[in-house]
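Engineer: Only the shape, not the letters, is given here:
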């Protein structure tokens with residue numbers, strides 16, 4: 001299963017998008033006797049889906065959790081046209097596993113049955129400094145122990161055997177407690193320059209070497225609610241553009257997370273979709 005899990009990594013996905021060759025992307029499976037000839041035509045997308053189903057059944061690693069959150073929250077509860085998804089987003093001293101921005105902000109920290117609670121308190125503290133809703137997603141048998149550890153504002157969800165996300169404890173609305181300083185650190189230059197320009201009523205004209213420090217100082221004047229609204233608006237725009245929505249929607253469910261997580265040019269995205277339609281003539285052993 002760990003060999004199969006290599007199919008669902010950014011290097012594998014990027015290699016497929018660059019080369020357009022399924023052999024270059026997943027040829028390593030042959031070296032482990034995991035591919036056998038298929039009597040029926042099978043596109044590469046079906047091979048990925050078969051591998052995903054095996055992982056979902058027998059090896060529920062972090063990628064399985066990320067994929068279920070993506071499909072059930074962004075493509076199920078919301079829409080990729082209105083809700084943006086960010087994978088491994090830096091926040092303070094931590095990196096949130098999945099962040100979703102629609103009308104609000106939600107951070108999902110994943111702790112599988114293979115993980116430990118190490119750094120959990122620090123991680124959730126960082127997320128509470130930026131997000132309205134913070135959720136811990138874990139295995140059913142770990143939920144109670146994690147619920148006792150984390151801040152009471154943090155929601156607790158479990159990934160059931162059927163792949164559903166079941167709420168054990170609802171997250172509390174945290175917008176009034178976020179830190180403008182932490183949110184500023186999540187923004188790109190164009191994003192914070194725009195909101196600071198609006199704040200001061202004129203374009204920000206500063207030398208490149210000091211513009212970040214100047215904008216960071218002005219950003220402290222925003223209230224937590226104002227800073228959170230800016231955060232949601234900026235991060236939502238990054239992943240809801242038409243090209244991104246068309247690309248991730250065209251991917252098989254098993255690869256949507258990698259579609260969001262892997263920086264690709266427009267041509268590379270088209271190459272990836274073409275490769276996924278190619279008949280590989282093999283199936284998983």
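Structural biologist: Right, received. Where do you want to start? As the structure is a prediction and not an experimental result, all values here were calculated from the model.

Engineer: Just the helices from the stretch 101-250 of the chain, written as ranges.
Structural biologist: Secondary structure of the stretch 101-250 of the chain (DSSP state H, counting those that start in this stretch): helices at 120-128, 143-149, 180-184, 189-200, 211-219, 224-239, 242-250.

Engineer: Indicate which one of those is closest to residue 66.
Structural biologist: Proximity to residue 66 (C-beta to C-beta) singles out helix 242-250 among the helices of the stretch 101-250 of the chain, at 13.3 Å. For every residue, glycine as well, the C-beta is placed using N, CA and C.

Engineer: just checking, what packs against the next helix or strand after the closest one?
Structural biologist: Following helix 242-250 in sequence order, the next helix or strand is helix 256-261 (DSSP states H and E). Helix 256-261 sits against helix 10-19, helix 62-69, strand 84-91, helix 242-250, with contacts defined as 3 or more C-beta pairs under 8 Å, 6 or more residues apart in numbering; DSSP states H and E.

Engineer: Please identify the most buried of those.
Structural biologist: Comparing these by mean neighbour count (mean count of other C-beta atoms under 10 Å), helix 62-69 ranks first with a mean of 22.

Engineer: how far does it sit from the chain's center?
Structural biologist: 9 Å (C-alpha atoms, centre = their mean, to the nearest Å).

Engineer: Quick one: work out the angle between that helix and strand 84-91.
Structural biologist: On the basis of axes from the mean of the first three to the mean of the last three C-alpha atoms, to 10 degrees, helix 62-69 is oriented at 140 degrees to strand 84-91.

Engineer: contacting residues around helix 62-69?
Structural biologist: Here helix 62-69 makes contact (C-beta atoms under 8 Å, 6 or more residues apart in numbering) with 5, 8, 52, 55-56, 87, 97-98, 100, 108, 110, 112, 115, 137, 159, 163, 165, 253-254, 256-257.

Engineer: mean confidence score for it?
Structural biologist: Average pLDDT, helix 62-69: 97.

Engineer: What does the pLDDT read for the most centrally placed residue in the chain?
Structural biologist: The chain has residue 87 as the residue nearest its centroid, 2.5 Å off, counting by C-alpha atoms, centre = their mean. If you check residue 87, the pLDDT there is 98.

Engineer: and the nearest residue to it once chain neighbours are set aside, how many neighbours does it have?
Structural biologist: Spatially, and ignoring its direct neighbours in sequence, residue 87 is nearest to residue 261 (3.8 Å; C-beta to C-beta, 6 or more residues apart in numbering). Neighbour count for residue 261, taken as other C-beta atoms under 10 Å: 18.

Engineer: related to what we said a few turns ago, kindly reformat the helices and strands packed on helix 256-261 as a markdown table and extend each row with distance to residue 201.
Structural biologist: Output for these, formatted as a markdown table (distance: least, C-beta to C-beta, whole Å):
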| stretch | distance to residue 201 |
| --- | --- |
| helix 10-19 | 42 |
| helix 62-69 | 40 |
| strand 84-91 | 29 |
| helix 242-250 | 32 |
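
Engineer: And the ones you listed: which comes nearest residue 182?
Structural biologist: Smallest distance to residue 182 across the helices and strands packed on helix 256-261 (C-beta to C-beta): 6.9 Å, for strand 84-91.

Engineer: circling back to that earlier point, residues in contact with the residue nearest to residue 87?
Structural biologist: Residue 261 touches 10, 87, 88, counting by C-beta under 8 Å, 6+ apart.

Engineer: And the buried ones among the contacts of helix 62-69, selectable in PyMOL?
Structural biologist: In PyMOL, selecting the buried portion of the contacts of helix 62-69, with burial taken from 16 or more other C-beta atoms under 10 Å, looks like this:
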select buried, resi 5+8+52+55+56+87+97+98+100+108+110+112+137+159+165+254+256+257
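
Engineer: Among the contacts of helix 62-69, which ones are in strands?
Structural biologist: 87, 97, 98, 100, 108, 110, 137, 159, 165 (DSSP state E).

Engineer: Out of the residues you listed, the closest to residue 282 would be?
Structural biologist: residue 87 (28.7 Å).
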